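**Student:** next come a sequence and a model predicted from it.
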Amino acid sequence: VEASIPEPQREAWKRNQITSFTDKDGFEKEVVRHVETTLARSMFNCDEIAAYSATSLAFRDRLITHWNRTQQRQTYRDTKRVYYLSLEFLMGRALDNAMLNVGLKNVAQDGLAELGFRIEDVVKQEHDAALGNGGLGRLAACFLDSLATLNFPAWGYGLRYRYGIFKQEIIDGYQVEVPDYWLDFNPWEFPRHDVTVDIQFFGQVNKKTVGGKTISVWEAGEIVQAVAYDVPIPGYDTPTTNNLRLWSSKASGGEFDFQKFNSGDYESSVADQQRAETISAVLYPNDNLERGKELRLKQQYFWVAASLYDIVRRFKKSRRSWNEFPDQVAIQLNDTHPTLAIVELQRILVDIEGLEWDNAWEIVTSTFGYTNHTVLPEALEKWPVGLVQHLLPRHLQIIYDINLFFLQSVEKAFPDDRDMLRRVSIIEESQPKMVRMAFLAIVGSHKVNGVAELHSDLIKTTIFKDFVEIYGPDKFTNVTNGITPRRWLHQANPRLSELIASKCGGNDFLKDLTLLNQLEKHVEDKQFRKEWAEIKYANKVRLAKHIKDTTGVVVNPASLFDVQVKRIHEYKRQQLNIFGVIHRYLSLKAMTPDQRKKQLPRVSIFGGKAAPGYWMAKQIIHLINSVGAVVNKDEDIGDLLKVIFLEDYNVSKAEMICPASDISEHISTAGTEASGTSNMKFVLNGGLIIGTCDGANIEITREIGESNIFLFGNLSEDVEDLRHAHTYGSHTIDSDLDKVFNEIEKGTFGTPHDFSAMIAAVRQHGDYYLVSDDFHSYIETHQLVDEAYRNQDEWIAKCITSVSRMGFFTSDRCINEYAEEIWNVEPLAVDRHSIWGP
Ligand code: GPW
């Protein structure tokens, strides 16, 4: 059906064009209108949630006109678009971000005040959109912000989980998971009940001959409907408003249900409905771990198939030849989760559009780019061949064909190297056989990138070494991660952002972060340092209040705040941190009162979720809380040491925590953390780092200077040998660490048995993460931190210098690198008024 309004009637549309509010009065009118009509309330019945809802709706209306204009402009110009496929988008709250990005937060603040509300309280009513686990999901969210800010025609595609990452409660020191039902009322999404795709599963493949050509036809066993929900993504200081399209699953209203319904089988058709809806029901809560669940594979295909259908439908509108597809479409795979998109596009081109295999494959490989985010073997996706065969029979055939042609080409280039063929095969000849998704992603993409220099080097020399030989080194590249300074500085730390603006010639640094370098000439300015320190202190007071309100523990904001917040994982080594804390506690206990008086007070702050099935990670949380329970009430110690575990770490908590840290911990075993991105957030907010030579810590050091970071521990190149020595040599553990273990085993922190596995991992099971090897260096480096912090003036100078050199770590730089090196796309500015401009 043609939905476009004919020319003669368009006059009426243009006459009635919507005008968005630009000032306080206009804003207030919109809020009152939404309270009284959309929400059916009044001034006698308007709480903070209603004020939040109405404010959001007012801004949403404003965004959506820009969104429309952006989409019309992109359609009209029909330039190449970028599609970012990610199973996770860890967006956090939208309102504050929207107000800042469109530059109307002050207007809203004044308007809300007149209407009887404080903007800070209103903003806090919003539930985080927590459709992600950790760094990978947050990176996707930062990238969307940069793509819009830089005016790239770009779409995000993901799943609209009914339940995002679980809410963490700490009960008696243990993590308890509570479902996070977040969709009660979400003003930031637009359901598109008219944008649906039927997705098929199971069934069989039949051969048919059409016009002398044999084609494969996949007859579905089950059909599920994908419904689009659109989330507008506003850029900063630009009208460009991009789209994040999230798919929700629903039973298809096709013959299947009606047959059952007509035959009176109502209950079973309801059961079908529910089964269909399960697909997008819940985010898998694993970070850096794949568990090979069938429903997860169903999610992946459901999302990938719906997204590709949408992308192809959009491409087809301009009636170009298929060979132009890669000139119009760049698809980036955020890790291997969307790898089936490669197979699906090949299926569409060959089975449905009737292209020749080789021609189709050329188009496919020119379209995709693949980003790897880990070298940890337990995180590399593999699917049992049998499962793929059952769920996606045609896709398995295509995977086998892709593999066959690939292995043939390898054999040609490396004759007589049978072991090479075995090593690089997309099919692992194990029991059961497995599809290696990373290999499929490499073979089906034109570029593969890691997320920090060390990581990109490691993938080339370890897990993907053979592929570098096969394709040459140019297929592999690095794009070091970054973060959006809009959310992670301007929004999270408004006072610091303002102070910086006053020294950097206004807010331009938020769009060109290298302008931060202008701060450096003010480092010696006493008044500037003083204001800087006051802001840090105020942020610590705010966090101290949160700690008091949520844990009951009173911490002194003048203490050194030492923060480690991230997913709990053995490779991230929260256990090293808590063992270090125990060591500090024992040292303080051994001192005379006079000696203690000379010590620097510290607050050790932890936060992060453990995957529900990750037993060891949960033990680590329990130990942290058990140590806190003892230390925090020890009167010998008082303010000298407090140990805090912050419940339910998420994006909005991070926005409060990052600005309040003096030192943050990024202490993964060298070679295990692909990049890390919170390291960048902490430094950008005027905190220093204690860290290992791992991930982006290395590049941060290069940028800010070695004297502004506290590095410790073994290097990645020595890890393998150390592990080997633990297993085959005699493994003596560090004597200070031994004392810590003995204290735990004495029962000082509760039943020792609770923590025996953590100790055994180091003492008996080969200390895979090198906790003992790095312990001494870690403790010594913390002493250097104490000493440095005593000289507050110098410390502040280090912080300012570091911030001034952080320009490189903006996600704007990342997006420009992807655009140049991988996507070959250009920005398309959207005029504020007309879409038909040049
Ligand atoms: F295992 N990352 C993550 F590679 O947060 F898929 N979750 C994940 O499941 C994976 C990676 C995966 C993180 C990395 O651990 C972190 O080092 C990196 O900064 C981040 O992805 C973004 O690249």
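**Tutor:** Looks like it came in fine. Numbers count the residues shown, from 1 in each chain.
**Student:** which residues sit in contact with the residue in the stretch 451-600 of the chain positioned nearest to the ligand?
**Tutor:** Across the stretch 451-600 of the chain, the shortest distance to the ligand (C-beta to the nearest ligand atom) belongs to Val451, at 4.0 Å. The C-beta positions use only the backbone N, C-alpha and C, and glycine is treated the same way. By C-beta atoms under 8 Å, 6 or more residues apart in numbering, Val451 lies in contact with Leu139, Thr371, Asn372, His373, Asn478, Val479, Thr480, Asn481, Ala674, Ser675, Ala696.
**Student:** what does Arg436 give?
**Tutor:** So Arg436 contacts Leu380, Lys382, Ser425, Ile426, Ile427, Glu428 (C-beta under 8 Å, 6+ apart).
**Student:** leaving out sequence neighbours, find the closest residue to the residue of the stretch 451-600 of the chain closest to the ligand.
**Tutor:** Ser675 (4.1 Å; C-beta to C-beta, 6 or more residues apart in numbering).
**Student:** hang on, Thr70 packs against Thr238?
**Tutor:** No. The criterion here is C-beta atoms under 8 Å, and Thr70 misses it with Thr238 at 9.5 Å.
**Student:** list residues touching both of those two?
**Tutor:** With C-beta under 8 Å, 6+ apart, Thr70 and Thr238 have common neighbours Val830.
**Student:** who touches stretch 66-83?
**Tutor:** Identification of contacts with stretch 66-83 by C-beta under 8 Å, 6+ apart yields 102, 147, 152-157, 232, 234, 239-243, 307, 311, 314, 317-318, 327-332, 818-819, 823-826, 828, 830-831, 835-836.
**Student:** please pick the buried ones from the residues you listed.
**Tutor:** 102, 147, 152-157, 232, 234, 239-243, 307, 311, 314, 328-332, 818-819, 823, 825, 828, 830, 835 (16 or more other C-beta atoms under 10 Å).
**Student:** so of the residues you listed, which ones are in helices?
**Tutor:** Here DSSP state H is the test, and the buried ones among the contacts of stretch 66-83 give Leu147, Ser307, Ile311, Arg314, Gln328, Tyr818 as lying in helices.
**Student:** show me which of these is closest to Phe405.
**Tutor:** Among these, Ile311 lies closest to Phe405 (C-beta to C-beta), at 24.3 Å.
**Student:** I'd like the distance between that closest one and Ser56.
**Tutor:** Between Ile311 and Ser56 the computed distance is 29 Å (C-beta to C-beta, to the nearest Å).
**Student:** ok, Asn151 - how many residues close by?
**Tutor:** Residue neighbour count, defined by other C-beta atoms under 10 Å, stands at 19 for Asn151.
**Student:** contacting residues for it?
**Tutor:** Contacts here follow C-beta under 8 Å, 6+ apart; on that basis Asn151 touches Gly235, Thr238, Thr240, Pro827, Leu828, Ala829, Val830.
**Student:** want to try CSV for those residues, with distance to the ligand and pLDDT as columns?
**Tutor:** Conversion of the contacts of Asn151 to CSV gives the following (distance: C-beta to the nearest ligand atom, whole Å; pLDDT from 0 to 100):
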residue, distance to the ligand, pLDDT
Gly235, 22, 98
Thr238, 25, 97
Thr240, 24, 97
Pro827, 24, 98
Leu828, 27, 97
Ala829, 29, 91
Val830, 29, 87
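**Student:** low-confidence regions, the stretch 701-838 of the chain specifically.
**Tutor:** 833-838 (pLDDT under 70).
**Student:** check which helix or strand covers the residue in it positioned nearest to the ligand.
**Tutor:** As assessed by C-beta to the nearest ligand atom, the ligand sits closest to Cys814 within the stretch 701-838 of the chain, at 10.0 Å. In the assignment (DSSP states H and E), Cys814 maps to helix 811-818.
**Student:** what packs against that helix?
**Tutor:** Applying 3 or more C-beta pairs under 8 Å, 6 or more residues apart in numbering; DSSP states H and E, we find helix 811-818 packed against helix 135-149.
**Student:** could you give the average pLDDT over the helix it packs on?
**Tutor:** Throughout helix 135-149, pLDDT has a mean value of 98.
**Student:** now it against helix 811-818, angle please.
**Tutor:** Computed by axes from the mean of the first three to the mean of the last three C-alpha atoms, to 10 degrees, the angle separating helix 135-149 from helix 811-818 equals 80 degrees.
**Student:** C-alpha coordinates for helix 135-149, CSV please?
**Tutor:** The C-alpha coordinates for helix 135-149 follow below in CSV (Å, rounded to 0.1, in the frame of the first residue of the first chain):
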residue,chain,number,x,y,z
GLY,A,135,32.1,-3.3,28.7
LEU,A,136,31.0,-4.8,25.4
GLY,A,137,27.4,-3.5,25.8
ARG,A,138,28.5,-0.1,27.1
LEU,A,139,31.0,0.2,24.2
ALA,A,140,28.0,-0.2,21.8
ALA,A,141,26.1,2.5,23.6
CYS,A,142,29.1,4.9,23.5
PHE,A,143,29.5,4.1,19.7
LEU,A,144,25.8,5.1,19.1
ASP,A,145,26.4,8.4,20.8
SER,A,146,29.5,9.1,18.7
LEU,A,147,27.9,7.9,15.4
ALA,A,148,25.0,10.4,15.9
THR,A,149,27.3,13.2,17.1
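**Student:** excluding its backbone neighbours, what's nearest whatever residue of the stretch 151-300 of the chain ends up closest to the ligand?
**Tutor:** As assessed by C-beta to the nearest ligand atom, the ligand sits closest to Asn288 within the stretch 151-300 of the chain, at 4.1 Å. Nearest residue to Asn288, sequence neighbours excluded (C-beta to C-beta, 6+ apart): Ala379, at 4.5 Å.
**Student:** now Pro393
**Tutor:** Pro393's closest residue in space is Val205 (C-beta to C-beta, 6+ apart), at 5.1 Å.
**Student:** ok, now Val630?
**Tutor:** With C-beta to C-beta, 6+ apart as the criterion, Val630 has its nearest non-adjacent residue at 5.6 Å, and that residue is Phe749.
**Student:** residue ranges with poor pLDDT in the stretch 151-300 of the chain?
**Tutor:** Counting by pLDDT under 70, the stretch 151-300 of the chain has low-confidence residues at 254-261.
**Student:** same thing but at 50, please
**Tutor:** By pLDDT under 50, the stretch 151-300 of the chain has no low-scoring segment.
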